[in-house]
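1. I would like the atomic coordinates for the input below:
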Amino acid sequence: MIVNFECITCKLVFDCDVGSVDIDPDTYRPRFANKIVCPRCGERSLDDVFLTELGQSQLTQATLDLEDGGAEIDLCVHYAECQGCDTWLPVNDLGLCDECSGKLDRDLIRQRDWDYSVAAFGLDAAQREELRNQVVAIHGARNELISTSSPAKKRRRRRGKKNKRKKRR
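-> Numbers count the residues shown, from 1 in each chain. Below you'll find the model as predicted:
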């Protein structure tokens with residue numbers, strides 16, 4: 001694997017064959033099979049070089065391509081109490097687990113709230129209605145997560161004869 005670096009000492013930008021790339025699970029820093037060698041300064045450590053913009057792209061691509069033998073790290077996983085089912089699981093940005101997130105999306109589709117539905121993104125009106133029909137056919141018409149209760153009507157207070165004020169003249 002070729003990665004583009006800039007030497008901190010001599011400011012030379014160079015390509016170096018670092019071999020295979022792995023990630024240290026403790027420090028989340030890359031580990032290279034081969035040593036980093038600057039053409040002017042010689043052998044360098046990871047702290048003695050900068051990754052150029054190209055090098056960052058190369059290294060990102062290498063770490064995304066890690067196979068089962070490599071250390072796969074998912075930095076986006078956040079464990080918390082799901083707002084839908086109150087269990088401790090990995091949650092998304094809304095605080096919902098995968099199951100509750102699916103229920104929410106189905107409820108939004110049932111209510112034709114297309115602006116917030118992930119599954120309806122990029123569909124035209126006919127495709128959205130077909131998607132809604134499929135959801136209703138598979139999961140039913142009743143919402144699973146979103147409450148369907150309508151807001152309570154405001155009760156008007158009737159004033160009786162006792163509560164009327166007399167106008168003063």
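2. if I look at Asp17, how far off is Gly55?
-> As judged by CB to CB, to the nearest Å, Asp17 and Gly55 stand 13 Å apart. C-beta here means a position set from N, CA and C on the backbone, and glycine is covered the same way.
3. ok, these two, which is more surrounded?
-> Legend: neighbour count by other CB atoms under 10 Å for Asp17 and Gly55, higher for Gly55 (21 against 13).
4. you'd agree that one is in a helix?
-> Yes. The assignment for Gly55 is a helix, going by DSSP: H, G, I helix; E, B strand; the rest coil.
5. which residues are in contact with it?
-> Val3, Asn4, Phe5 (CB atoms under 8 Å, 6 or more residues apart in numbering).
6. where are the low-confidence patches of this protein?
-> 65-77, 149-153, 157-169 (pLDDT under 70).
7. okay, now the domains of it?
-> As given by automatic domain parsing, the domain ranges for the chain are 2-64, 78-139.
8. who wins for proximity to Lys154 among those?
-> Counting by CB to CB, Lys154 lies closest to domain 78-139 out of the domains of the chain; the figure is 24.0 Å.
9. what residues does the longest helix anywhere in the chain touch?
-> When the chain is scanned for its longest helix (criterion: DSSP state H), the result is helix 125-139. Helix 125-139 has contacts (CB under 8 Å, 6+ apart) with Arg106, Ile109, Arg110, Arg112, Trp114, Ala119, Ala120, Leu123.
10. kindly export it (C-alpha atoms) in CSV.
-> In CSV, the C-alpha atoms belonging to helix 125-139 read as follows (Å, rounded to 0.1, in the frame of the first residue of the first chain):
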residue,chain,number,x,y,z
ALA,A,125,-45.9,10.4,-5.5
ALA,A,126,-47.0,7.1,-7.2
GLN,A,127,-44.0,5.2,-5.7
ARG,A,128,-44.7,6.6,-2.3
GLU,A,129,-48.3,5.4,-2.4
GLU,A,130,-47.2,2.0,-3.6
LEU,A,131,-44.7,1.9,-0.7
ARG,A,132,-47.5,2.9,1.7
ASN,A,133,-49.8,0.1,0.3
GLN,A,134,-47.0,-2.4,0.8
VAL,A,135,-46.4,-1.3,4.4
VAL,A,136,-50.1,-1.5,5.2
ALA,A,137,-50.4,-4.9,3.5
ILE,A,138,-47.4,-6.4,5.5
HIS,A,139,-47.6,-4.6,8.8
